[in-house]
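In: okay, predicted coordinates and the sequence, questions at the end:
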Amino acid sequence: MMGFRSNFQNSFMRPGHALHGWNTAFSNFIIHKVLPQLLQAASISAIHVQSTQSIVLKVPLRKRKYTLKGPVGPSRERVFMADRQLTVRGVITGILGLVVITASSMYVALRMGALPWPTVFVTVLSMTVLGRMKGSTLQEINVTHTLMSAGAMVAGGLAFTIPGIWMIDPNADVKVLPIMVMAVCGAVLGTLFSAVYRRNLIEEQKLVYPIGQASYQTLVTGISKGKESLKLFVSMGASVVFTALRDAFGWIPSVITVFLGNSLVQPITIWISPMALAIGAMIGKLSAFLWLGGAVLGYLLIVPIGLSTNLFADMAAANLFRENLGIGLMLGTGVGVFIKVAIDAVKKRKANKGNEKASSLQSRNIAICLAIGIVSALIMALFTDMSLGTAALAVLGVCLTTLLSGILTGQSGVNPMEVFGILVMLLVQVSFNPSLMVLFLTAGLVSVACGLSGDVMNDLKSGYMLKTDPKQQILGEAIGGVLGAVISVLVLFLMKKSFGGFGTDLLPAPQARAVASMASGLGDSPAFFVGIAIGAVMYLLGVPAATLGLGIYLAINISLIVGIGAIAALVISKTTKVQNNDIGLVSSGLLGGEGITGVVIAIISMLG
């Protein structure tokens, strides 16, 4: 239970005002007649006027009590205000920021082949704007930055897939409407499935979500003036300066080479990234060392042994095996999750037998997912080149891959959305033998949904820690996702027209090139299916196989810096008096500083 006091006085109620007498009668009518009806419609079960001193509202569903202290009379009328969360000013602020963030994210994804999480940047931006406004709350800022960041990952999902169409066929006649319909459906599905998976991943599994935690730390410490705030913003400032010197001025190298390579081992480099270093320190020892172990297994054991025993014809074949094994492990984790969910559902059904409320809620969630999934498939079948069968299979793929995206983002802070798009694209290709356009529409749909899912889960994690109403966050994410989809498609076609195409030095779009190369099929099917089987078994045994697969699949320079971050955090915590909370604060600052600088550089590059 909690009390809420309003400090806003209705100027029309002061004595001597021309409307004073009329307003006194009117206010009594509102308080005693109209307000109870409105509160009943809002699930507030009781309103009680305690003489002229206070109004007590009892809200059983949220277990809260809002109390308005002060006389309810002609001289001092108090105006009731609920907790500010999703507000008009927040929506306006979020949309204005979303336009800039979405456009810049499309540019940086096509230009750099990477997309920094915008979460901490939009947290700081929302806090800066709304923090100066009267009556703002942490929850309002949280919901606003949730809306503002949604378009960035939608832009990434499109940039990482759709340009591949023009790389294969520069004269391809690609229409705006089908891409727009696909992107909007992907945004809606990504938000929907994330809402369904939220309880399991955040409340039950309690996944880390390092980006979401960094957003929470930034917001909470940003309003304080203590030592915690100093630690966070000093580390964030250092990260901003370092990243600017590296990326904007080129004074610091992006990678350093520690081994030049030979016929059996590829060159080994380390990415110089405060963000990756911080992620290694934040995600926990098990996940971090499995990630590092995956890189060691893939690059230093599987590839060299396979080449020396002639299992692989050359380095390209070895890398193809390694990549498909890593992808299989990640997808196998998703298969394991669904097996576990099915087992748990049977157990819960037995445990809840006779509990009509729990069964009704579960059935309602399933019905909502099915209804929106069917509607999305029908819309895509009507307005794109996809048949109803391919659209339905793509939606089922979204159901699986958004779960896997949420798990990977929660465990590692990494969300390989284009990989998930490739997986479902290949499944559709094997099942239906569709056209090139349908393949890329499928990959785009899944990548958009998975990209948004990672963003949603990060925001929901910070919201869970702040006790924000998840329904309001999800609504804000849906608004931002749909608007972001529209903006992203328009910017994509604008850039196509302005730059002439993709796959060039100006807009290399490397992820889209990878999708285009995979459109012809899997490179190493045995490795892929072996990875699926191993990944499913490992997950059921409680081992995060997706993180292991990530290490096998990703470039070794990323995995090494993550491992260094984990080792540094472990050594510091064991050999010094530095607390884990302090490590978390500094890591959040390092992570947020690089993300903020990356977004700012992208905006400057786009405008320049």
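Out: Looks like it came in fine.
In: in stretch 564-573, what counts as buried?
Out: Neighbour-count burial for stretch 564-573, with 16 or more other CB atoms under 10 Å as criterion, is recorded at 564, 565, 566, 567, 569, 570, 572, 573. From N, CA and C alone the C-beta is placed, and that goes for glycine too.
In: out of these, which one has the lowest pLDDT?
Out: Comparing pLDDT over the buried residues of stretch 564-573, the lowest score belongs to residue 573 (88).
In: which two of the buried residues of stretch 564-573 have the greatest separation?
Out: Across these, the longest distance by CB to CB is 15.0 Å; it joins 564 and 573.
In: in helices only, show me the buried residues of stretch 564-573.
Out: Of these, the ones assigned to helices by DSSP state H are 564, 565, 566, 567, 569, 570, 572, 573.
In: what's the closest of the residues you listed to residue 498?
Out: Closest to residue 498 out of these is residue 565 (38.7 Å), distances taken as CB to CB.
In: ok, back up a step: could you dump the buried residues of stretch 564-573 into TSV with distance to residue 468 added?
Out: Shown next, in TSV, are the buried residues of stretch 564-573 (distance: CB to CB, whole Å):
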residue	distance to residue 468
564	34
565	29
566	30
567	35
569	28
570	32
572	32
573	30
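In: out of those residues, who's nearest residue 172?
Out: Comparing the buried residues of stretch 564-573 against residue 172 with CB to CB places residue 565 closest, at 42.4 Å.
In: contact partners for the closest one?
Out: By CB atoms under 8 Å, 6 or more residues apart in numbering, the residues touching residue 565 are 276, 277, 278, 279, 280, 281, 288, 587.
In: make TSV out of those residues and add pLDDT.
Out: Formatted as TSV, the contacts of residue 565 follow (pLDDT from 0 to 100):
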residue	pLDDT
276	83
277	89
278	84
279	79
280	85
281	85
288	86
587	82
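In: quick one: these as JSON lines, columns for secondary structure, neighbour count and distance to residue 412 too.
Out: Converted to JSON lines, these look like this (DSSP: H, G, I helix; E, B strand; the rest coil; neighbours: other CB atoms under 10 Å; distance: CB to CB, whole Å):
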{"residue": "276", "secondary structure": "helix", "neighbour count": "24", "distance to residue 412": "10"}
{"residue": "277", "secondary structure": "helix", "neighbour count": "24", "distance to residue 412": "14"}
{"residue": "278", "secondary structure": "helix", "neighbour count": "31", "distance to residue 412": "12"}
{"residue": "279", "secondary structure": "helix", "neighbour count": "28", "distance to residue 412": "7"}
{"residue": "280", "secondary structure": "helix", "neighbour count": "31", "distance to residue 412": "9"}
{"residue": "281", "secondary structure": "helix", "neighbour count": "27", "distance to residue 412": "13"}
{"residue": "288", "secondary structure": "helix", "neighbour count": "27", "distance to residue 412": "8"}
{"residue": "587", "secondary structure": "helix", "neighbour count": "28", "distance to residue 412": "14"}
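In: against residue 194, how distant is residue 454?
Out: Distance of residue 454 to residue 194, computed by CB to CB, to the nearest Å: 9 Å.
In: more crowded one of those two?
Out: Shown here are residue 454 and residue 194; by other CB atoms under 10 Å, residue 454 has more neighbours (30 against 27).
In: helices or strands up against the helix or strand hosting that one?
Out: According to DSSP states H and E, residue 454 maps onto helix 436-466. Packing contacts for helix 436-466, counted by 3 or more CB pairs under 8 Å, 6 or more residues apart in numbering; DSSP states H and E, involve helix 119-130, helix 138-159, helix 164-168, helix 176-198, helix 210-222, helix 388-412, helix 417-432, helix 470-499.
In: where among those is average confidence lowest?
Out: Least confident of the helices and strands packed on helix 436-466, judged by mean pLDDT, is helix 119-130 with a mean of 78.
In: buried sites along that one?
Out: Burial within helix 119-130, assessed by neighbour count using 16+ other CB under 10 Å, is assigned to 119, 120, 121, 122, 123, 124, 125, 126, 127, 129, 130.
In: mind putting these into a markdown table with distance to residue 467?
Out: Converted to a markdown table, the buried residues of helix 119-130 look like this (distance: CB to CB, whole Å):
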| residue | distance to residue 467 |
| --- | --- |
| 119 | 18 |
| 120 | 20 |
| 121 | 23 |
| 122 | 20 |
| 123 | 16 |
| 124 | 21 |
| 125 | 22 |
| 126 | 17 |
| 127 | 17 |
| 129 | 22 |
| 130 | 18 |
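In: which parts of the top helix by length along the chain are buried?
Out: Secondary structure of the chain read by DSSP H shows that its longest helix is helix 315-351. Buried residues in helix 315-351, defined by neighbour count with 16+ other CB under 10 Å: 315, 317-338.
In: what do you get for stretch 527-537?
Out: By 16+ other CB under 10 Å, the buried positions in stretch 527-537 come out as 527, 528, 529, 530, 531, 532, 534, 535, 536.
In: ok, the closest residue to the third one other than its chain neighbours - contacts?
Out: Closest residue in space to residue 529, ignoring its immediate chain neighbours: residue 328 at 6.4 Å, by CB to CB, 6 or more residues apart in numbering. Applying CB under 8 Å, 6+ apart to residue 328 gives the contacts 527, 528, 529, 530, 531, 532, 533, 534, 535, 549.
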